[in-house]
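> compute the structure for the input listed below.
(chains A and B)
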Amino acid sequence: MASLLRLDGVTAGYGQTVVIEDISLSVEPGGVLAVLGRNGTGKSTLMKTVAGHTRLHGGGIVFAGENIERRPSYIRTRNNGIGYVPQTRDIFQSLTVEENLLIATQPGHWNLDRVYELFPNLAARRNNGGREISGGEQQMLSIGRALMGNPRLLLLDEPMEGLAPVVVGKLFEVFELLRDRGDFAIILVEQYVNLALDFAPHTIVLDRGRVVYNGSSSDLAGNPEKMAFYFGVSGQDALAG
Amino acid sequence: MTAVSTSGPAYPAASSQLRRLALPLPWLATAALPLFLPGYEPLATQILVMIVFALSLDLLVGYAGIVTLGHAGLFGMGAYTAGILSVYGITDPLLTAGCAMLVAAATGLVFGWAMLRTKDLTLLMLTMASAFLLYEIANKATWLTGGEDGLQGVNFSSLFGTFAFDFRGITAFYYSLAVLFVVFLAVRALIASPFGWSLRGIRENSARMAAIGCPILKRRVIVYVISAALAGLAGALQAQATQFVALYSLSFELSGNILIMLILGGSGRLYGAFIGVPAFMFAQDLLAKQDPANWFLGLGIILIVLVMLAPGGILGIAERVMAAIRRRRGAA
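Below is the predicted model:
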């Protein structure tokens, strides 16, 4: 199958600073990829580069058969392109929950009713202001807003960060549901290593801005030495916290 | 909370029911003004025109987050367009007002397209420069504008061919009130539309808006053009109500004053213009009576105190008082 997203030797960063170097990867339509690595290895920069928020120093990005590396981020998002859920969530605080969702509308399966069905919490708070909801609800809203754009590729940047374990569990159920629907590809950056390996069949591991592992998630999970090498003393404990 | 909160009220509006009930009252009261305060129509008209102008500015400053010190440039373009047309024999008020809007919008398109790629201080300086440019052109082109003497021979025909612009200013007053009402409804509808939400989104976090597929520059130019058209309309109203156009209508002083009026009332609040303009005008009147030479000093002090203690302007204070009352009620 032709890949939906392909990065060929991408080097990118902010201004003159290079954060990620020579990254190559590909994701198939409906495919799921986990991006793992310690803090500061360039995972978020990789996501931002795909979404168009960094400076590209070299390499190419092909999305749905078109070179998009020179396109501004709003063009990448349009026409059911790339949906990006940033680490910072970035809820518009002067808009209500519902306005935050509607503002991102693009035609497709996902609409207001379906997002509310997925996240009943949001339906209950539809008229609340963006600053009047909990952290978990903000994350749901940020995901819901990306879904409203009916993307073909969804970028999730540490969606579980700072959330209570019970909310993490709930959100993961939603992610599994979205994954199993398979109507878009997902790239997940996550610190919960074991959850992520379990979630995505394919994993890349970044270290100091470079890809150090690119392969099957189960192979990685079944290799304690590699796990310890990439993620510290014992994979999940060091990073799940 | 991750993001920094920006100006603008918590949404939904704290007192939406109250506002809905109260909405028609000020309009009716204003319409009845000539009955109670005869002789004040020209002043009232001035205030109405400035409210239209301030509303147009609020779209930029309060909603789109575009702070400009050159909004008078667009107001003046409208005023001169209407005035010059009337000098050359096209005297219908509505037709000339329409032309004024078009010319101001075209000016806004050219300047906006060029300026809105920049932001913050650079943009502020460019807006200022754009108005200076227009001011100097009007100043030098005396054959067309009358230069410093102002545009002479401005004369508009009757509204709908029936209501002449009378000596007392009754026609101008009701005409301005009607225009303000229409502009108010239009601006209110605009800011409640998805386009209006996107403006607030751009103000808060333009990178995020881009990431959900919003063409930032295009939206900013569109709102600039809309705002320019409304500013031009206010300028035309001014020309028609006073039957005169002065260079002041393009001046930096007016650009500054209208921004002060808006901030005084509270930007990003729709009603800020309605509060700020009369407050400014009354303060100006009072202070100028005390000390005709240095009344700007008094105004400056008021402004400093307000900006330091109440960033949301007069409406911001009102909102905080209402919120405190509600909290107390909730606690009791």
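
> what helix or strand is the residue of chain B found nearest chain A located in?
Taking C-beta to the nearest C-beta as the measure, chain B has B:G213 as its residue closest to chain A, at 3.6 Å. C-beta coordinates here come from the backbone N, C-alpha and C atoms, glycine included. Applying DSSP states H and E as the criterion places B:G213 outside every helix and strand.

> pull the contacting residues for the spatially closest residue to it that is not a sequence neighbour.
Closest residue to B:G213 in three dimensions, ignoring its sequence neighbours and counting by C-beta to C-beta, 6 or more residues apart in numbering or on different chains: A:T77, at 3.6 Å. Taking C-beta atoms under 8 Å, 6 or more residues apart in numbering or on different chains as the contact definition, A:T77 lies against A:51, A:83-84, A:149, A:151, B:210-213.

> now tabulate the residues you listed in JSON lines and tack on secondary structure.
Formatted as JSON lines, the entries for these read as follows, by DSSP: H, G, I helix; E, B strand; the rest coil:
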{"residue": "A:A51", "secondary structure": "helix"}
{"residue": "A:G83", "secondary structure": "strand"}
{"residue": "A:Y84", "secondary structure": "strand"}
{"residue": "A:G149", "secondary structure": "coil"}
{"residue": "A:P151", "secondary structure": "coil"}
{"residue": "B:A210", "secondary structure": "helix"}
{"residue": "B:A211", "secondary structure": "helix"}
{"residue": "B:I212", "secondary structure": "coil"}
{"residue": "B:G213", "secondary structure": "coil"}
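
> in TSV: the residues you listed, plus neighbour count, distance to B:V87 and pLDDT.
Listed next are the contacts of A:T77 as TSV, based on neighbours: other C-beta atoms under 10 Å in any protein chain shown; distance: C-beta to C-beta, whole Å; pLDDT from 0 to 100:
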residue	neighbour count	distance to B:V87	pLDDT
A:A51	23	55	94
A:G83	29	57	94
A:Y84	30	56	94
A:G149	26	53	94
A:P151	27	57	96
B:A210	24	46	89
B:A211	28	51	88
B:I212	26	49	89
B:G213	24	48	88
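
> what's the weakest-modelled helix or strand in chain A?
The helix or strand with the lowest mean pLDDT-type score in chain A, counting by mean pLDDT, DSSP states H and E, is helix A:235-240 (a mean of 45).

> what does A:N223 show for phi and psi?
phi -120, psi 90 (degrees, to the nearest 10).

> who in chain A is up against chain B?
When proximity is defined by C-beta under 8 Å from any C-beta of the partner chain, chain A lies next to chain B at A:51-53, A:72-74, A:77-78, A:81, A:84, A:86, A:88-96, A:99, A:102-106, A:127, A:129-132, A:138, A:145-146, A:149.

> got the contact list for the spatially most central residue of chain B?
Taking C-alpha atoms, centre = their mean, the centroid of chain B lies closest to B:A54, which sits 1.7 Å from it. Applying C-beta under 8 Å, 6+ apart to B:A54 gives the contacts B:258, B:261-262, B:265, B:272-273, B:276-277.

> ok, now with 10 Å
For B:A54, the contact set (C-beta atoms under 10 Å, 6 or more residues apart in numbering or on different chains) comprises B:61-62, B:71, B:231, B:234, B:257-265, B:267, B:272-277, B:280.

> just the buried members of the residues of chain A next to chain B?
By neighbour count, with 16 or more other C-beta atoms under 10 Å in any protein chain shown, these hold A:51-53, A:73-74, A:77-78, A:81, A:84, A:86, A:88-96, A:99, A:102-106, A:129-130, A:138, A:145-146, A:149 as buried.

> check the closest residue to chain B within chain A and give its pLDDT.
For chain A, the nearest residue to chain B under the criterion C-beta to the nearest C-beta is A:T77, separated by 3.6 Å. At A:T77, the predicted lDDT confidence score is 92.

> and the one 10 residues further on, by the same measure?
The confidence metric pLDDT takes the value 90 at A:Q87.

> wait, it touches A:M47, no?
Yes - taking C-beta atoms under 10 Å as the definition, A:Q87 is a contact partner of A:M47 at 8.3 Å.

> so those two - more neighbours on which side?
Set A:Q87 next to A:M47 and count neighbours by other C-beta atoms under 10 Å in any protein chain shown: A:M47 wins out with 24 against 18.

> you'd agree that one is in a helix?
Yes - according to three-state DSSP, the state of A:M47 is that of a helix.

> isn't it up against A:E158?
Yes - checked against C-beta under 10 Å, the pair A:M47 and A:E158 is within contact range at 9.3 Å.

> mutual contacts of those two, please.
A shared contact of A:M47 and A:E158, defined by C-beta under 10 Å, 6+ apart, is any residue touching both; here these are A:35, A:85-87, A:188-189.

> on that earlier part again, please flag which of the contacts of B:A54 sit within helices.
With helices taken from DSSP state H, the overlap with those comprises B:71, B:231, B:234, B:257-265, B:272-277, B:280.

> run through the chain and note the low-pLDDT ranges.
You didn't say which chain, so I picked chain A. Scanning chain A with the threshold set as pLDDT under 70 gives A:1, A:233-241.

> should've been chain B
Of all residues in chain B, those with pLDDT under 70 make up the ranges B:1-16, B:18-21, B:331-332.

> can we see that at 80?
Across chain B, the ranges flagged by pLDDT under 80 are B:1-26, B:32, B:38-39, B:157, B:161-162, B:165-168, B:291-293, B:310-311, B:330-332.

> where along the stretch 1-150 of chain B do the helices fall?
Along the stretch 1-150 of chain B, counting by DSSP state H, counting those that start in this stretch, helices occupy B:16-22, B:24-31, B:33-36, B:41-58, B:71-87, B:93-115, B:120-140, B:142-145.

> and A:G215, which of those is closest to it?
When the helices of the stretch 1-150 of chain B are compared for distance to A:G215 using C-beta to C-beta, the nearest one is helix B:120-140, at 46.2 Å.

> can you show me the CA trace of that closest one as CSV?
Taking Å, rounded to 0.1, in the frame of the first residue of the first chain, the C-alpha atoms of helix B:120-140 are listed here in CSV:
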residue,chain,number,x,y,z
ASP,B,120,2.9,43.7,17.3
LEU,B,121,5.1,46.8,17.3
THR,B,122,5.9,46.7,13.6
LEU,B,123,2.2,46.5,12.7
LEU,B,124,1.4,49.4,15.1
MET,B,125,4.1,51.6,13.5
LEU,B,126,2.8,50.6,10.0
THR,B,127,-0.8,51.5,10.8
MET,B,128,0.4,54.8,12.1
ALA,B,129,2.5,55.4,9.0
SER,B,130,-0.5,54.5,6.7
ALA,B,131,-2.6,57.2,8.3
PHE,B,132,0.2,59.8,8.1
LEU,B,133,0.6,59.0,4.5
LEU,B,134,-3.1,59.7,3.8
TYR,B,135,-3.0,62.8,6.0
GLU,B,136,-0.1,64.3,4.0
ILE,B,137,-1.7,63.4,0.7
ALA,B,138,-4.9,65.2,1.8
ASN,B,139,-2.9,68.1,3.1
LYS,B,140,-1.0,68.6,-0.1
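
> what's the angle between that helix and helix B:71-87?
In this structure, helix B:120-140 runs at an angle of 30 degrees to helix B:71-87, with axes from the mean of the first three to the mean of the last three C-alpha atoms, to 10 degrees as the basis.

> helix B:120-140 vs helix B:93-115, what angle?
130 degrees.

> for helix B:120-140, buried residues please.
Burial within helix B:120-140, assessed by neighbour count using 16+ other C-beta under 10 Å, is assigned to B:123-124, B:126-128, B:130-132, B:134-135, B:138.

> now those in a markdown table, with distance to B:Q152?
Output for the buried residues of helix B:120-140, formatted as a markdown table (distance: C-beta to C-beta, whole Å):
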| residue | distance to B:Q152 |
| --- | --- |
| B:L123 | 36 |
| B:L124 | 35 |
| B:L126 | 33 |
| B:T127 | 30 |
| B:M128 | 29 |
| B:S130 | 27 |
| B:A131 | 23 |
| B:F132 | 24 |
| B:L134 | 20 |
| B:Y135 | 19 |
| B:A138 | 14 |
